[in-house]
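Trainee: Please work out how this folds:
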Amino acid sequence: MSAQLKFVNKNKSAFFPTVRKRVDAYFAEQALSPHANGAMWAKASFFLIGYMSLYGLILSNQFGLWAMLGLAMLLGMFAAFIGFNVSHDALHGAFSSRRWVNRMLGNSFYLLGANPYVWTITHNVVHHTYTNIPGHDEDIEVAPGLVRLDAQEALHPWHRYQHWYTFPLYALASLSWVFRKDYVKFFKKQIGQHDNSTHPRREYVRLFFSKACYYFFFLVLPMLVLDITWWQLLIGFVVMHLVEGLVLGLVFQLAHAVEGTTFPQPDESGTVQNAWAIHQLETTANFAPRSRTAAFFCGGLNRQIEHHLFPKVCHIHYPAITAIVKNTAQEFGLPYLENHSFGSALVSHFRLLQKLGRPV
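Mentor: Below is the predicted model:
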């Protein structure tokens, strides 16, 4: 079990109370709700309807093999976009002020083959609290032993090539989620600081029932209605998840594992000598912050700094509060990390992997 970890605001920084007050004032002055607006509902509808339409087109049996493979790739992308744009906000309680609406939309996570209950524990509870802290934030453990993101971790000969082989590993993330990760995390006794030894009985039922439904709709039903062989179905299923996994993996890593972000170690007493909010600034980076395309498809996760500081604010509002957060960080002399484009963030991630794959 990990040592109990705590943050200590040793410099008594007033950054977070100040930026929170200013963001709250923005919503009050503009008479806006921090939850979803009409544009957000339209975007959520676009991705959900698009996903259902692509699935229906594949099952229509009206297309050739290559066309169906292309539709499967698009379906994988739309699954990732639903995760970013619908499930993520809802599971954070950011989509609506009504809990039942968030719960309903959070269930869209099942469309990815993933479990929203397990995600809430590993992401909301653990990752958002102990961001980038080795041994606590399991979200940065891409492939323990294979990928080295912690300078304190043992260096092996194969790490010299990790900047090449890590990207294909990201593509496997979704398949792992569907067949392995949720089960492993659900039955793990401890996840970071979280005691994971007990779960409500209904969550056991939901885990196995939802997985069975996903396997039926994506493996059994297509085999029954499509004029394809089992191996052709398997190729389509795997390709769909490789695309989905690559999109999901890259967006996450470009926000937390680029040059400039830190991977702090607590001291012997299990204390991080830093305020939690400043820790978020030091371990998180934005990418393509002025790109409307990135904001639309990534669900605002290109502005991860704003998301980590205000996870209960719907991402549709991140462009408006970005200037507030950035100016306040600069006012307090704090870092505000950003890569100006998706490409520059990708290169930065590549260089970090390269650096950590070699001796200092």
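
Trainee: Do a quick rundown of the strands in the stretch 151-300 of the chain.
Mentor: 190-191, 194-195, 271-272, 285-287 (DSSP state E, counting those that start in this stretch).

Trainee: G236 is nearest to which of those strands?
Mentor: G236 sits nearest to strand 285-287 of all the strands of the stretch 151-300 of the chain, at 30.8 Å, using Cβ to Cβ. The way it works is simple: take the backbone N, C-alpha and C, and place the C-beta from them, glycine included.

Trainee: Summarise which helices and strands the closest one is packed against.
Mentor: With contacts defined as 3 or more Cβ pairs under 8 Å, 6 or more residues apart in numbering; DSSP states H and E, strand 285-287 has these neighbours: helix 230-256, helix 304-309, strand 337-339, helix 342-356.

Trainee: what's next to that strand, contact-wise?
Mentor: For strand 285-287, contacts defined as Cβ atoms under 8 Å, 6 or more residues apart in numbering pick out 254-256, 258, 260-261, 294, 302-306, 322, 337-342, 344-345.

Trainee: Which among the residues you listed count as buried?
Mentor: Restricting the contacts of strand 285-287 to buried positions leaves 254-256, 258, 261, 294, 302-306, 322, 337-339, 342, 345, with burial counted as 16 or more other Cβ atoms under 10 Å.

Trainee: Quick one: end-to-end distance for stretch 177-186.
Mentor: For stretch 177-186, the separation between the terminal residues is 12 Å (Cα to Cα, to the nearest Å).

Trainee: Tell me which of the helices and strands packed on strand 285-287 is the most buried.
Mentor: Most buried of these, by mean neighbour count (mean count of other Cβ atoms under 10 Å): helix 304-309, with a mean of 24.

Trainee: if we look at that helix, which residues are touching it?
Mentor: So helix 304-309 is in contact with 16, 19, 128, 131, 255-256, 277, 280-281, 284-286, 300-301, 313, 315, 318, 321-322, 325, 336-338, going by Cβ under 8 Å, 6+ apart.

Trainee: helices and strands around the helix or strand following it, which ones?
Mentor: Per DSSP states H and E, the first helix or strand lying C-terminal to helix 304-309 is helix 318-331. Where contact means 3+ Cβ pairs under 8 Å, 6+ apart, helix 318-331 is packed against helix 15-29, helix 304-309.

Trainee: nearest spatial neighbour of E259, skipping sequence neighbours?
Mentor: Spatial nearest neighbour of E259, chain neighbours left out: S348 (4.7 Å); criterion: Cβ to Cβ, 6 or more residues apart in numbering.

Trainee: Now do that neighbour, the pLDDT please.
Mentor: We have a pLDDT of 97 for S348.

Trainee: Could you check how far it is from H256?
Mentor: Using Cβ to Cβ, to the nearest Å, S348 is found at 12 Å from H256.

Trainee: Same check on K43?
Mentor: To H256, K43 is 24 Å away according to Cβ to Cβ.

Trainee: same question, G93
Mentor: For G93, the distance to H256 - Cβ to Cβ - is 22 Å.

Trainee: Then H194?
Mentor: H194 sits 19 Å away from H256, going by Cβ to Cβ.

Trainee: And for L242?
Mentor: 22 Å.

Trainee: if we can go back for a sec, for the strands of the stretch 151-300 of the chain, which one ends up most surrounded?
Mentor: The highest average neighbour count among those, using mean count of other Cβ under 10 Å, belongs to strand 285-287 at a mean of 27.

Trainee: can you pull the buried residues of stretch 146-159?
Mentor: Result for stretch 146-159 [16+ other Cβ under 10 Å]: buried residues V147, R148, L149, D150, E153, H159.

Trainee: L32 and A171, how far apart?
Mentor: To A171, L32 is 39 Å away according to Cβ to Cβ.

Trainee: Looking at those two, which has the bigger crowd around it?
Mentor: A direct count of neighbours by other Cβ atoms under 10 Å for L32 and A171 places A171 higher, at 21 against 12.

Trainee: Let me see the contact set for the spatially closest residue to S13 that is not a sequence neighbour.
Mentor: Closest residue to S13 apart from its sequence neighbours, by Cβ to Cβ, 6+ apart: A275 at 5.1 Å. Contact analysis of A275 by Cβ under 8 Å, 6+ apart lists F7, V8, N9, N11, S13, F15, F16.
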